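Peer 1: For reference, the sequence and a predicted model appear below.
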Amino acid sequence: IIDAKGHYMTPGFMDGHIHVESSMMPVREYAKTVMPHGTTTIYMDPHEIANVMGMDGIKLMIDDAKEVPMRVYVATPSCVPAVPGFEDTGATISPDDIRESMKWDEVAGLGEMMNFPGVLSGDQDVHAELKATLEADKIITGHYSMPETGAGLNAYIASGVRCCHESIRAEDALAKMRLGMYAQLREGSAWHDVKETVKSITENNIDTRYATLVSDDTHPSTLISKGHMDYIVKRAIEEGVNPITAIQMVTINVAQCFGMDRDLGSISPGRWADIVLLSDLTQVKVEKVLINGEVVAEGGKTIVDIPAGVYPEYSKDTMKVGRELTPQDFVIHVEDKSKDTAVARVMEIVEAKVNTYARECTMPIVDGVLEVDVEQDIIKAAVVERHKATGTMGKGLVKGFNIKEGAIASTVAHDAHNLLIIGVNDDDMALAANTLIEAGGGMVVVKDGEVIELLELPIAGLMSELPAEEIAKKVELLGEAWKE
């Protein structure tokens, strides 16, 4: 018996689209971190680990999820590799793999179908994946990142895709809802779309049954300092959504999207007792969280015991570069050694935006070698294949990082998660790369021949075995090192 006097009672919060690996922690630590924020169910798309380890990676995440009270459903990654023939991944997931996974109890459907051009053009493998999912009577989750709401969007939805988290404009979300697609309004660590997309509701008199809220990618510091679904609900309320409607967007609407409202999404007879007690409705202040009728979190802490994970050695042996890299590997040679300048293609990033610009810039040449140009804010980027020791390496130029010295490297590098290095000089780039090869993956900042900060991510080069608070602290120190 719980005395809930003075509290509001809501169904457990559900995240309809999340990549757990992007939190840099495995499912156990993730659940321990988000349950105190009212999250009782997630639908995870283990797309990142699948690109490194394939079906073994998905099974690893499922096995980890068996040890937590939070309900963890899986959307089997649909696009592994994300861009076939363009970049080397550690694995491939075929239509046969998809078909087999649809027999698993934990699988709720197909992961985000990013290859919308393949859907529209009738790509044989893409349609085989859609067919396998529909024949299993499971849900196809979408990724339609085009600002087009006409024939293409209609065709994409007609293929069976049920939801989409890629709306960045109010008109995108509105069009999807009007066409019977669930618009998953996203608010994560990198993407802050709710402010704009929620206008589809606040500025239009529409039925909100097709609107849900999702996180997509959330870093540990965001989860600890701001929260998870409680924070996203609060953001929707701040933007003018009625609190009851905002709560529906993370409960009954999500359950109906995945065809699970017989069991989830409401506090009603015969449903599972996943319940959140709030002391403040508009501030979404979570006091107690119940899953299956048992209190799992209260006062901002998980109170049930979740045993520490022991992850198999093969999951920590994914840095297969084959050799130590040298500064010479990062040199960019030019064919005409008589020139002292050349026009080169440069990728310009835009901070906090997903889009990039293609530029052509005049670069200095010294003794037949292309140099960086800090004055123009143009430095080097290199991607080293790290899954099968093929020796493949791509080199190029990037603009927009504003780095004046040193190098930064990461094995979290969407979508193939190869070893990505950016830097001002070849020595530091080689040191950064070799540091991560030795560490089994992660993120590193190097300056003047010294490692000034390292976050080790030994599980698939994507996740840490440390507690969330320690990961968040290390990420914060990485940020400080970046500034330095």
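Peer 2: Sure thing, it's come through.
Peer 1: what's the nearest residue to W191 once chain neighbours are set aside in contact with, if anything?
Peer 2: Sequence neighbours aside, D216 is the residue nearest to W191 in space, at 6.0 Å (criterion: C-beta to C-beta, 6 or more residues apart in numbering). Bear in mind the C-beta positions are built from the backbone N, C-alpha and C, glycine included. Residues near D216 by C-beta atoms under 8 Å, 6 or more residues apart in numbering: 17-19, 22, 165, 186, 188, 191.
Peer 1: any idea how far the residue nearest to V384 when sequence neighbours are not counted lies from P84?
Peer 2: Excluding the flanking residues, the one nearest V384 by C-beta to C-beta, 6+ apart is L419, at 4.2 Å. Going from L419 to P84 by C-beta to C-beta, to the nearest Å gives 20 Å.
Peer 1: more crowded one of these two?
Peer 2: L419 (25 against 14; other C-beta atoms under 10 Å).
Peer 1: Looking at the residue of the chain positioned farthest from its centre now. What's its pLDDT?
Peer 2: Farthest-out residue of the chain from its mean C-alpha position, per C-alpha atoms, centre = their mean: S338, at 46.1 Å. If you check S338, the pLDDT there is 86.
Peer 1: Could you do A358 as well?
Peer 2: 97.
Peer 1: For it, list the residues it contacts.
Peer 2: 345-348.
Peer 1: Buried subset of these, written for ChimeraX?
Peer 2: Buried members of those, defined by 16 or more other C-beta atoms under 10 Å, are picked up in ChimeraX with:
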select :346,348
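Peer 1: Next one: M181 from C163, what distance?
Peer 2: M181 sits 6 Å away from C163, going by C-beta to C-beta.
Peer 1: Next, show the common contact partners of these two.
Peer 2: G142.
Peer 1: So for those two, which sits in the more crowded spot?
Peer 2: Taking other C-beta under 10 Å, M181 and C163 do not tie; C163 has more neighbours (26 against 22).
Peer 1: What separates the first and last residues of stretch 367-377, distance-wise?
Peer 2: Length of stretch 367-377, first residue to last, C-alpha to C-alpha, to the nearest Å: 22 Å.
Peer 1: Could you check that stretch and say which residues are buried?
Peer 2: The neighbour-count check on stretch 367-377 (16+ other C-beta under 10 Å) flags 370, 372-373, 377 as buried.
Peer 1: Just the closest of the residues you listed to G423, please.
Peer 2: V372 (8.3 Å; C-beta to C-beta).
Peer 1: thinking again about what came up before, in CSV: the contacts of D216, plus secondary structure and distance to M393.
Peer 2: CSV is the format used below for those (DSSP: H, G, I helix; E, B strand; the rest coil; distance: C-beta to C-beta, whole Å):
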residue, secondary structure, distance to M393
H17, strand, 33
I18, strand, 32
H19, coil, 27
S22, helix, 25
H165, coil, 33
R186, strand, 34
G188, coil, 31
W191, coil, 30
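Peer 1: Against L455, how distant is G449?
Peer 2: With distances taken as C-beta to C-beta, G449 is found 20 Å from L455.
Peer 1: Between the two, tell me which one has more neighbours.
Peer 2: Legend: neighbour count by other C-beta under 10 Å for G449 and L455, higher for L455 (24 against 10).
Peer 1: who touches the helix or strand hosting the more buried one?
Peer 2: Secondary structure assignment for L455, by DSSP states H and E: strand 450-456. With contact meaning C-beta under 8 Å, 6+ apart, strand 450-456 is reached by 24, 406, 431-432, 435, 439-446, 464, 471, 474-475, 477-478, 480-481, 484.
Peer 1: After it, which helix or strand is next?
Peer 2: Assigned by DSSP H and E, the successor of strand 450-456 is helix 468-483.
Peer 1: and that following helix, what's its mean pLDDT?
Peer 2: On average, helix 468-483 scores 94.
Peer 1: The lengthiest strand in the chain: what's the following helix or strand?
Peer 2: The residue-count maximum for a strand in the chain (DSSP state E) belongs to strand 356-366. Next along the chain after strand 356-366, taking DSSP H and E as the criterion, comes strand 369-370.
Peer 1: just checking, what packs against the following helix or strand past that following strand?
Peer 2: The helix or strand immediately downstream of strand 369-370 is strand 378-384, counting by DSSP H and E. Secondary-structure packing of strand 378-384 (3 or more C-beta pairs under 8 Å, 6 or more residues apart in numbering; DSSP states H and E): strand 393-399, strand 419-423, helix 426-439.
Peer 1: please redo it, this time with the cut-off set to 6 Å
Peer 2: Packed against strand 378-384, as judged by 3 or more C-beta pairs under 6 Å, 6 or more residues apart in numbering; DSSP states H and E, are the following elements: strand 393-399, strand 419-423.
Peer 1: Contacts for that strand, please.
Peer 2: With contacts defined as C-beta atoms under 6 Å, 6 or more residues apart in numbering, strand 378-384 is touched by 330, 346, 372, 393-399, 403, 418-424.
Peer 1: List only buried entries from these.
Peer 2: 330, 346, 372, 393, 395, 397-399, 403, 418-424.
Peer 1: Which stretches in the stretch 201-350 of the chain count as helices?
Peer 2: Taking DSSP state H, counting those that start in this stretch as the test, the helices found in the stretch 201-350 of the chain are 220-225, 229-238, 243-248, 252-257.
Peer 1: Can you add mean neighbour count and give these back as TSV?
Peer 2: Formatted as TSV, the helices of the stretch 201-350 of the chain follow (neighbours: other C-beta atoms under 10 Å):
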stretch	mean neighbour count
helix 220-225	19
helix 229-238	23
helix 243-248	21
helix 252-257	23
